[in-house]
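Student: Sequence first, predicted coordinates after that:
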Amino acid sequence: MTKEELNLIIEKEPYHKERENPSDSDLRLYLREVNYHCPLCGKELQLRKQKKANQKLFQIAHIYPNSPTVEQYNMLHNLERLGIDCENFENKIALCINCHQTQDYHTTVDDYIHLLNIKKRCLTQTALHDATNTLGLETEIDKVVSKLSTLSDSDLTELNYEPVPIANKFTNQEILLKSKVTNYVLTFYPYIRESFRKLDGKNGFHLQVLSEQMRSCFIKMDSISQDKTLVFSKIVEWIMHKTQSNSLESCEAVVSFFVQNCEVFHEITE
Ligand SMILES: [Zn+2]
């Protein structure tokens with residue numbers, strides 16, 4: 001079989017897909033599932049005190065190759081594959097640069113099965129971890145936080161112009177809000193602060209700048225409606241929309257973080 005003949009076969013396979021670069025949040029998941037160490041040789045993939053995020057010690061490897069050579073195809077095409085297509089999260093794994101190069105060009109059937117089984121274990125462990133996580137909220141907040149950190153200035157400007165209808169003020173609802181915010185702050189404030197701290201200064205993200213923007217957003221909305229419950233829920237709604245999160249609680253926790261961190265709604269959090 002020639003490479004051209006192989007290309008014609010591959011193009012017809014539903015498993016074949018154009019190469020896709022993993023997003024930053026995917027990269028975090030790839031590193032987390034292998035516990036920040038190369039699953040083949042044990043080398044550390046992320047130094048604890050790494051200053052530059054772009055100084056990468058790892059690469060994301062395809063387990064079943066995206067464009068197999070004729071030799072690879074003949075060896076591997078009848079074996080089990082992970083994921084719905086070759087660009088799926090399940091068909092990729094973080095490896096150190098050395099192991100990736102060996103794996104890329106010298107894949108044997110045994111090597112392939114070995115890496116496939118490692119990935120299967122990672123997927124099972126992640127699923128178990130997520131299931132035992134307290135309400136699964138930490139993972140959700142992680143997603144919210146990492147998405148929040150990639151929002152641009154114009155995304156945030158949009159938030160300022162979110163139309164907020166004037167509503168009556170309900171004092172008893174403010175007590176409910178106070179208790180809600182207090183609970184979220186007590187439970188999640190340190191976690192969210194730590195997550196933001198890890199992202200701070202990377203890719204142009206600065207927590208202080210985001211906090212200022214959130215603060216001016218609260219103040220602006222507060223001048224439109226004094227109903228703090230409404231303002232709170234509008235910002236939660238916006239974050240849910242922007243992060244495409246289905247977790248209302250995660251977004252409420254993140255907004256509560258800003259309520260506390262930006263010292264807005266002062267009388268509530270006191
Ligand atoms: Zn390695």
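Tutor: On my side now, so go ahead. No experiment lies behind these values; they were computed from the predicted model shown.
Student: what ranges do the strands span in the protein?
Tutor: 58-62, 92-96 (DSSP state E).
Student: How far away from the center of its chain is the first one?
Tutor: This means strand 58-62. Relative to its parent chain, strand 58-62 has a centroid offset of 17 Å by CA atoms, centre = their mean, to the nearest Å.
Student: and what of the last one?
Tutor: What separates the centre of strand 92-96 from the centre of its chain is 17 Å, taken as CA atoms, centre = their mean.
Student: so does that strand get close to the ion?
Tutor: Yes: Strand 92-96 is in contact with the ion by CB under 5 Å from the ion, via Cys96. Using the backbone N, CA and C atoms, a C-beta is placed for each residue, glycine as well.
Student: Can you give the strand pairings for that strand, parallel or anti for each?
Tutor: Strand 92-96 has the following sheet partners, assigned by DSSP bridges: strand 58-62 (antiparallel).
Student: if we can go back for a sec, out of the strands of the chain, which is the most enclosed?
Tutor: Among the strands of the chain, the stretch with the highest mean neighbour count (mean count of other CB atoms under 10 Å) is strand 92-96, at a mean of 25.
Student: if we can go back for a sec, format the strands of the chain as CSV; extra columns: mean pLDDT.
Tutor: Listed next are the strands of the chain as CSV, based on pLDDT from 0 to 100:
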stretch, mean pLDDT
strand 58-62, 95
strand 92-96, 96
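Student: Redo the ones you listed as a markdown table? Include distance to Thr243.
Tutor: Compiled in a markdown table, these are given as follows (distance: least, CB to CB, whole Å):
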| stretch | distance to Thr243 |
| --- | --- |
| strand 58-62 | 23 |
| strand 92-96 | 23 |
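Student: Out of the ones you listed, which gets nearest to Asn78?
Tutor: Distance to Asn78, taken as CB to CB, is lowest for strand 58-62 among these, at 17.5 Å.
Student: Please give me every residue in contact with the nearest residue to Asp26 once chain neighbours are set aside.
Tutor: In space, Asp26 comes closest to Phe89 once its chain neighbours are excluded; the distance is 6.7 Å by CB to CB, 6 or more residues apart in numbering. By CB atoms under 8 Å, 6 or more residues apart in numbering, the contact set of Phe89 is Asp26, Leu29, Gly83.
Student: What are the buried residues along stretch 118-129?
Tutor: Within stretch 118-129, the residues that qualify as buried are Ile118, Lys119, Cys122, Leu123, counting by 16 or more other CB atoms under 10 Å.
Student: Out of those, name the ones that lie in helices.
Tutor: Counting by DSSP state H, the members of the buried residues of stretch 118-129 that fall within helices are Ile118, Lys119, Cys122, Leu123.
Student: between the contacts of Phe89, which is closest to Tyr64?
Tutor: Nearest member of the contacts of Phe89 to Tyr64, counting by CB to CB, is Gly83, at 8.5 Å.
Student: mind listing what's buried in stretch 205-216?
Tutor: Taking 16+ other CB under 10 Å as the criterion, stretch 205-216 shows Phe205, Leu210, Ser211, Gln213, Met214, Arg215 as buried.
Student: Lys178 versus the first one, what's the distance?
Tutor: This means Phe205. The spacing between Phe205 and Lys178, counted by CB to CB, to the nearest Å, is 30 Å.
Student: re the thing from before, so which of the buried residues of stretch 205-216 is the closest to the ion?
Tutor: Comparing those against the ion with CB to the ion picks out Phe205 as the nearest, at 29.7 Å.
Student: Look up phi and psi at the closest one.
Tutor: With angles defined as degrees, to the nearest 10, Phe205 sits at phi -90, psi 130.
Student: Where does the prediction get shaky in this protein?
Tutor: Applying pLDDT under 70 to the chain flags the ranges 48-55, 127-173, 203, 225, 263-270.
Student: Enumerate the residues of it near the ion.
Tutor: Checking the chain against the ion by CB under 5 Å from the ion, the hits are Cys38, Leu40, Cys41, Lys43, Cys96, Cys99.
Student: from those, which two are the most distant?
Tutor: Comparing every pair within those by CB to CB identifies Leu40 and Lys43 as the most remote, at 8.7 Å.
Student: can you pull out the helices in the protein?
Tutor: Per DSSP H, the chain has helices spanning 3-12, 24-33, 70-76, 97-105, 109-132, 137-148, 153-160, 171-199, 207-224, 228-243, 248-261, 266-269. These are given in chain order.
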